[in-house]
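Participant: Build the 3D model from these lines:
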Amino acid sequence: MVFRPLIPLVEYAVNYDYIVETLCINKSRPELHCNGTCYLTREIAKNNAPESFPLSKSKNSGKTLLDIYILPEIADVTPKFEAFSSGTGFSYKTDYFFLFLKSIFRPPVF
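Facilitator: Numbers count the residues shown, from 1 in each chain. Next up is the predicted model:
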């Protein structure tokens, strides 16, 4: 349906003389220099009317459906927050481990 808006334009170009002489609404007022553009705008509006589309926007209402597959491992999110509390209302979390091993570290000897 890419060429659908172009159909009235092609019809206007092909039948220009007939449209100007017969179908023009403003042929009684030549000072407007309409030359059938009134007919063209009416046909374009009729062509773009919502009832002329097979899939009405009222059915779709602008919503799009995305097909996404989410892996179960990713979808299962559990919070890993554990807080240790004392009686004073202070929470302290100990996730840090001191990994500096003095027995392994030896400075280089020159």
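
Participant: buried sites along the lengthiest helix in the chain?
Facilitator: Counting residues, the longest helix found in the chain (DSSP state H) is helix 37-47. Buried residues in helix 37-47, counted by 16 or more other C-beta atoms under 10 Å: C38, Y39, L40, E43. Glycine gets a C-beta too; all of them are placed from N, C-alpha and C.

Participant: Leaving out chain neighbours, which residue sits closest to the last one?
Facilitator: For E43, ignoring the flanking residues on the chain, the nearest one in space by C-beta to C-beta, 6 or more residues apart in numbering is P8 at 4.0 Å.

Participant: In terms of secondary structure, what does the longest helix of the chain contact?
Facilitator: helix 7-14 (3 or more C-beta pairs under 8 Å, 6 or more residues apart in numbering; DSSP states H and E).

Participant: which residues sit against the helix or strand just after the helix it packs on?
Facilitator: Sequence-wise, the next helix or strand downstream of helix 7-14 (DSSP states H and E) is helix 16-18. Contacts to helix 16-18, defined as C-beta atoms under 8 Å, 6 or more residues apart in numbering, come from residues G36.
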